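Chemist: quick check, what structure comes out for this input:
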Amino acid sequence: MKCVVALTLLLAQSFAFAQTPAPSTLSRVTQSGILRVCTPGDYKPFSFQRAPGEFEGLDVDLMGSLATALNAKPQFVKTTWANLLPDFVAGKCDIAAGGISVSLERQKQAYFSTPYMVNGKTPLTRCENVARYQSIEAIDQPSVRVIANPGGSNEKFARAKLSHAQLTMHSDNLTIFDELVKGHADVFVTEAAEAIVQSKAHPELCAVNPDKPLQYAEMGYLLPNGDDVFKHFVDQWLHLSQANGEYAQMSAKWLGK
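Modeler: Here you go, the predicted model:
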């Protein structure tokens, strides 16, 4: 009888342990005082690494706001677009930011915050060629030299939609615009916000119809899969930031609108 009772107690304790939820990221961040943010840091105007350990951009400012709401400080963890999801899933950070497109493939392994921006795919080309590249069909031609950066939604779009064009992968997202300026490539398809910002930084380049993108896209923040507590907090923080005008102020700083 004693053995049966002992076994019952052991099973009950094991069941209770199995049902105990894992600590939320919210608790870990508030206790440690550090919000770890994975970011590629090569995507203006969202996140740009200007020096080792020093980042700037819209998402950098917003992550500072989120950290403040958590009574914490942001700690940016440098990654690449190819390694963004593996690094995040491996637990190297609490949230990922930097102009990340919401996708079903990423959603399989992580949560997304509520989207904070609609930012569809937009061609960037030399200004004299704007009339030539008004559609996917016009770009997806054997004579058109398309350039893309690896590991993210830009590469996925290029491979899926522009398979007939000459595709070149350029690993450095910071110098990919110079390839267009020099005439080494004809078109780079990226998000509208980046196309607009880079056209201002490079007068030779123009964004093609950024208000009518080739493909609809949203941007959000990667969050730990299954952590509903942290997702609800981030979503509410983002809602309040937009409602009280903080988001608009930061957006105007980096996007000029």
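
Chemist: for this structure, which segments count as helices?
Modeler: Secondary structure of the chain (DSSP state H): helices at 2-19, 25-32, 58-69, 84-89, 104-107, 136-139, 153-161, 176-181, 192-201, 228-243, 246-255.

Chemist: comparing those, which yields the minimum mean pLDDT?
Modeler: By mean pLDDT, the lowest-scoring of those turns out to be helix 2-19, with a mean of 46.

Chemist: circling back: so which of the helices of the chain is nearest residue 169?
Modeler: Between residue 169 and the helices of the chain, the shortest gap by Cβ to Cβ is with helix 153-161, which sits at 7.0 Å. Placement of C-beta: from N, CA and C, glycine included.

Chemist: burial measure for the closest residue to residue 138 other than its chain neighbours, as a count.
Modeler: Nearest non-adjacent residue to residue 138, counting by Cβ to Cβ, 6 or more residues apart in numbering: residue 132, 6.4 Å away. Applying other Cβ atoms under 10 Å, we find 16 residues neighbouring residue 132.

Chemist: again with residue 184
Modeler: By other Cβ under 10 Å, 12 other residues sit near residue 184.

Chemist: residues touching it, list them.
Modeler: Contacts for residue 184 (Cβ atoms under 8 Å, 6 or more residues apart in numbering) come out as 145, 147.

Chemist: try 7 Å this time
Modeler: Contacts were defined as Cβ atoms under 7 Å, 6 or more residues apart in numbering; by that measure residue 184 touches no other residue.

Chemist: return the set of buried residues in stretch 122-139.
Modeler: Neighbour-count burial for stretch 122-139 flags 122-126, 129-130, 132-133, 136, 139 (criterion: 16 or more other Cβ atoms under 10 Å).

Chemist: again with stretch 215-233
Modeler: In terms of neighbour count (16+ other Cβ under 10 Å), stretch 215-233 has its buried residues at 217-224, 227, 230-231, 233.

Chemist: again with stretch 248-257
Modeler: Buried residues in stretch 248-257, defined by neighbour count with 16+ other Cβ under 10 Å: 250-251, 254.

Chemist: between those residues, which sits nearest residue 24?
Modeler: For residue 24, the closest of those turns out to be residue 250, at 26.3 Å, with distances computed as Cβ to Cβ.

Chemist: how close does the residue nearest to the closest one when sequence neighbours are not counted get to residue 53?
Modeler: Spatially, and ignoring its direct neighbours in sequence, residue 250 is nearest to residue 61 (4.8 Å; Cβ to Cβ, 6+ apart). In this structure, residue 61 and residue 53 are 17 Å apart, going by Cβ to Cβ, to the nearest Å.

Chemist: same question, residue 244
Modeler: In this structure, residue 244 and residue 53 are 30 Å apart, going by Cβ to Cβ.

Chemist: what's the answer for residue 101, then?
Modeler: With distances taken as Cβ to Cβ, residue 101 is found 26 Å from residue 53.

Chemist: which of the buried residues of stretch 248-257 sits closest to residue 84?
Modeler: If you rank the buried residues of stretch 248-257 by distance to residue 84 using Cβ to Cβ, residue 254 comes first, at 20.5 Å.

Chemist: report the central residue of the chain.
Modeler: In the chain, the C-alpha nearest the mean C-alpha coordinate belongs to residue 100, at 1.4 Å (Cα atoms, centre = their mean).

Chemist: and stretch 102-114, how far from the chain's centre?
Modeler: Relative to the centre of its chain, stretch 102-114 is centred 10 Å away, using Cα atoms, centre = their mean, to the nearest Å.

Chemist: how far does that stretch stretch from start to finish?
Modeler: Its first and final residues considered, stretch 102-114 spans 10 Å by Cα to Cα, to the nearest Å.

Chemist: and stretch 64-78, by the same measure?
Modeler: With Cα to Cα as the measure, the ends of stretch 64-78 fall 16 Å from one another.

Chemist: appreciated, that's everything.
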